[in-house]
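Trainee: what follows is a predicted protein model with its sequence.
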Amino acid sequence: MKNTLIICRKELRSYFASPIAYLLLVMFAFIFGFFFWNSLGYFVYMGMESQMRGESFPMNLNEQIIRPLLSNISVVGLFFIPLISMRLFAEEKRTGTIELLATSPVSDTEIVLGKWLAAWMLYGCMLLVSAFSFAFLFEFGNPDWKPLLIGFLGLFLLAGGLLAIGTFVSTLTKNQIVAGAVTFGICLLLWVIDWVSGYNSSTWARVLSYLSVITHYDSFAKGVLSIKDAVFYLSLIFVWLFLTVRSMESLRWRS
């Protein structure tokens, strides 16, 4: 565990020692800020319109602002996750340091966990950026904080699974662009794979629908803590990190 934390700190320093982390955080803050400003503006506009017409407008911040914004964050994360994970091992291959890493006394599991944890923590920092906007709602409104917390937990678990996929893909190539593109393709496929259930109810369609990562986020977005969906994300993380460790073992034998 000590070696894992050392590798995690090293990887985090490499993110923040370069413009990568700051650029991602600024871009994420700008995009989410626009979504937040637009959602809040529409909410206020609809409330004023209803008052002028003498109609009642349901002022539910959780349903009309927080829940749509959490869904927006999940979609934005789909584009940012490949950017975070594509350099994890591809950069090591490009610079030639993968041989030193593969022949070091540190185990493959510790290396993979350390790098994946660093990427996961960076995404967690991006979620914290969005939390500052939600704090504005609590300052001037009275939303329920529990669904918001559960929604953030779902986003964090969802990102952990997709980052595990990106970590695995990064071990397969030394080209970061290729790693990012393949990661995005796999994540997008797992995102939309449940579309087949809209017109097909056979067993294979239900299986594909179950494998969709966004299907298991629906309960979190509603503020419901589902153990079944949490286990799915944890299983997704375990499977792809296991495959990454096997890929690292093959690199060690070739080094």
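Mentor: In hand now; what should we look at? This one's a predicted model, so the numbers in the text were calculated from it and none came from an experiment.
Trainee: what sits closest to the residue sitting nearest the centre point of the chain if chain neighbours are left out?
Mentor: The residue at the geometric middle of the chain, judged as the C-alpha nearest the mean C-alpha position with CA atoms, centre = their mean, is Ala159 (2.3 Å). Using CB to CB, 6 or more residues apart in numbering and skipping residues adjacent in sequence, the residue nearest Ala159 is Tyr123, 4.7 Å away. (Glycine included, C-beta is placed from N, CA and C.)
Trainee: chain center to the host helix or strand of the one you found: distance?
Mentor: Tyr123 is part of helix 108-140, with elements assigned from DSSP states H and E. Distance of helix 108-140 from the chain centroid (CA atoms, centre = their mean, to the nearest Å) equals 9 Å.
Trainee: just list what the helix or strand following that helix packs against, helices and strands only.
Mentor: Read in the C-terminal direction, the helix or strand following helix 108-140 is helix 145-170, with elements assigned using DSSP H and E. Other elements packing on helix 145-170 under the criterion 3 or more CB pairs under 8 Å, 6 or more residues apart in numbering; DSSP states H and E are helix 67-85, helix 108-140, helix 176-192, helix 218-221, helix 227-254.
Trainee: rewinding a little: surely the residue nearest to the centre of the chain meets Trp120?
Mentor: Yes - the pair formed by Ala159 and Trp120 meets the contact definition of CB atoms under 8 Å, at 6.8 Å.
Trainee: re earlier: now do the helix holding Tyr123, average pLDDT.
Mentor: Per-residue pLDDT values across helix 108-140 average out to 85.
Trainee: output the helices and strands packed on helix 145-170 in JSON lines; the columns should cover mean neighbour count and distance to Lys93.
Mentor: Rendered in JSON lines, the data for the helices and strands packed on helix 145-170 read as follows (neighbours: other CB atoms under 10 Å; distance: least, CB to CB, whole Å):
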{"stretch": "helix 67-85", "mean neighbour count": "20", "distance to Lys93": "14"}
{"stretch": "helix 108-140", "mean neighbour count": "18", "distance to Lys93": "13"}
{"stretch": "helix 176-192", "mean neighbour count": "18", "distance to Lys93": "10"}
{"stretch": "helix 218-221", "mean neighbour count": "19", "distance to Lys93": "35"}
{"stretch": "helix 227-254", "mean neighbour count": "16", "distance to Lys93": "9"}
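Trainee: gap between Ala118 and Met1?
Mentor: Spatial separation of Ala118 from Met1 under the definition CB to CB, to the nearest Å is 15 Å.
Trainee: what sits closest to Thr244 if chain neighbours are left out?
Mentor: Distances taken as CB to CB, 6+ apart place Phe168 nearest to Thr244, at 4.3 Å, with adjacent residues excluded.
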